[in-house]
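> Please find the sequence and the predicted model below.
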Amino acid sequence: GGHSTLLSGPLIPRRVLVAGLRDSGVELVAAALERSTAFTEVATTYAPFEPASSRRGRPDVVVHVIRDPIGSYAAWRQRRSDRTAAAADATLTLAQFTHRWSAHHEYWAAARVDVPRLVVRYEGLCCSSSDASSAPSEDLAALG
């Protein structure tokens, strides 16, 4: 019938913001969305866990990527050890990291209530038997 989704008709989001922690699927989701012809701009942010690199305009939709805190911490520690041990936050304990992880995701759960938000679980992308590269686009369609 006349049902519109975010990927068809007048509700197509043009500006998509993918938010989450580094090495927690943000890059995977952004790459999949960039391959889609439906979106004109796909941006990523790791804020507030990491300082925002630039100020962006209002997105049409936020894709909030969440990875379990233990896996996220392991990936974060690996990336930090690869870069430099001198970084101020390179010595965060699991408890400290988990506190920041929780605050980060609480921020995105409460932020921008005027913008539709789709939550994507990293583990769902990695463990899905279907093609994970199309999953974010299909999930965006479900918002409509």
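Received the coordinates, thanks.

> The top helix by length along the chain: which residues count as buried?
Longest helix in the chain by number of residues, with DSSP state H as the criterion: helix 94-110. For helix 94-110, burial by neighbour count (16 or more other C-beta atoms under 10 Å) applies to F97, R100, W101, H104, H105, W108. C-beta coordinates here come from the backbone N, C-alpha and C atoms, glycine included.

> quick one: which two of these are the most distant?
The largest separation in those, counting by C-beta to C-beta, is between F97 and W108 at 16.8 Å.

> any weak-confidence spans in this structure?
1-12, 37, 51-56, 81-90, 112, 127-144 (pLDDT under 70).

> Run through the helices of it in chain order.
All helices of the chain, identified by DSSP H, fall at 26-35, 69-83, 94-110, 122-127, 135-141.

> Looking at these, which is nearest to P48?
Among the helices of the chain, the nearest to P48 by C-beta to C-beta is helix 94-110 (5.3 Å).

> Tell me which other helices or strands that closest one touches.
Here helix 94-110 touches strand 61-66, helix 69-83, going by 3 or more C-beta pairs under 8 Å, 6 or more residues apart in numbering; DSSP states H and E.

> Need the winner for burial among the ones you listed.
Highest mean neighbour count of these: strand 61-66, a mean of 23 (counted as mean count of other C-beta atoms under 10 Å).

> So what touches that strand?
Contacts to strand 61-66, defined as C-beta atoms under 8 Å, 6 or more residues apart in numbering, come from residues 6, 13, 15-20, 24-26, 29, 33, 105, 108-109, 111-112, 115-122, 136, 139-140, 143.

> Would you give the sheet partners of it, along with the direction of each?
Strand 61-66 has the following strand partners under DSSP bridges: strand 15-19 (parallel), strand 117-121 (parallel).

> Pull the CA coordinates from the last one and hand them back as PDB.
This file holds the C-alpha atoms of strand 117-121, laid out as PDB (Å, rounded to 0.1, in the frame of the first residue of the first chain):
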ATOM      1  CA  ARG A 117      17.900   6.600  16.300                       C
ATOM      2  CA  LEU A 118      18.600   3.000  15.200                       C
ATOM      3  CA  VAL A 119      20.500   0.800  17.600                       C
ATOM      4  CA  VAL A 120      22.700  -1.800  15.900                       C
ATOM      5  CA  ARG A 121      24.500  -4.400  18.000                       C
END
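
> Thank you, goodbye.
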